[in-house]
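Enquirer: what's the 3D shape of this:
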Amino acid sequence: MDFHDRVAVITGATGGLGRVVARKFGETGARLALLSSNQDNLNRLVDELSLPADRYMTKALDFRNPDAAKIAAQATVDKYGRADILVHLIGGWTGGKPLVEVEPNQLEEMIQQHVWTTFYLAQSFVPVFHANHWGRMVVISSPNAGMPSAKSAPYAAAKSAQEALILALAQEVKGSGVTANIIRVQTIDVKHQRDQEPSPKNASWTTPDEIAAAIFFLCSDEGGMVNGARLPLSGSP
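Expert: Model (predicted):
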């Protein structure tokens, strides 16, 4: 797929999945806004990508801060005059305790990482997409959002709320040229253990390249009719 001259904004760009997504968007001609919380890691990523200076920008921001998304959106527009794609890869996992033993701050941490970051980013970038009459927003979620496993309450609650934001947004943008979609992944198999050491435990894991391929389709012109989807990439619905 050709993303020549599209502007792809990637949060969590220095993570295991973010690096693959950034590289693949770069290889297809996109201009990149690479966002993460650590500038040193961003600098290393830029060195790996070897892109000309007019095809990338970096910004180290904490997207739990209400102003961070606004700063990122303005910086992207200042650099490129537009933004077309937002791939939101920020997140983490907190769990391992029964609900009755969960500390309130653990739930708050998950809500900050998954819900508030998504809220702030959507509010900052979707108006830019509307100005272009074209845009794509993709977030990574988990089957836990729909069927929580034991000892995963904070994570499952936050992912469920994140999905609700995206599904509501999808209804609000339908017919505008803008889409909002969700990819559900059980575990991101950065080390390709599923292929190298296959087992029942890792049979449902998904590699960054597989996730990136799904992201690419959802962000393409051809994927424009997919809106409000929860795409399962774990081998089962």
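Enquirer: local confidence estimate at Asp2?
Expert: Here the pLDDT value assigned to Asp2 is 77.
Enquirer: Leu42 against Ser36, yeah?
Expert: Yes: using CB atoms under 8 Å, Leu42 is in contact with Ser36, at 5.3 Å. Using the backbone N, CA and C atoms, a C-beta is placed for each residue, glycine as well.
Enquirer: so which helix or strand takes in Leu42?
Expert: helix 39-49 (DSSP states H and E).
Enquirer: pLDDT averaged over that helix, what's the number?
Expert: 98.
Enquirer: Leu42 and Ser36: which has the busier surroundings?
Expert: More crowded of Leu42 and Ser36, by other CB atoms under 10 Å: Ser36, with 24 against 21.
Enquirer: show me the contacts for the nearest residue to the more buried one once chain neighbours are set aside.
Expert: In this structure, Ser36 finds its nearest non-sequential neighbour in Thr14, 4.4 Å apart by CB to CB, 6 or more residues apart in numbering. Listed by CB atoms under 8 Å, 6 or more residues apart in numbering, the contact partners of Thr14 are Leu34, Ser36, Asn38, Asn41, Leu42, Arg44, Leu45.
Enquirer: okay, now the nearest residue to the first one once chain neighbours are set aside: neighbour count?
Expert: The spatial neighbour of Leu34 that comes closest, neighbours along the chain excluded (CB to CB, 6+ apart), is Ala13 at 4.1 Å. Using other CB under 10 Å, the number of residues around Ala13 comes to 29.
Enquirer: and Ala13, what element?
Expert: Here Ala13 is assigned to no helix or strand, by DSSP H and E.
Enquirer: of the contacts of Thr14, buried ones?
Expert: Neighbour counting by 16 or more other CB atoms under 10 Å classes Leu34, Ser36, Asn41, Leu42, Leu45 among the contacts of Thr14 as buried.
Enquirer: would you mind measuring from the fourth one to Arg19?
Expert: I take that to be Leu42. Distance of Leu42 to Arg19, computed by CB to CB, to the nearest Å: 11 Å.
Enquirer: quick check: neighbours shared by these two?
Expert: In contact with both Leu42 and Arg19: Ala13, using CB under 8 Å, 6+ apart.
Enquirer: tell me the centre residue of this structure?
Expert: Geometric centre of the chain, nearest residue: His88, 2.3 Å, by CA atoms, centre = their mean.
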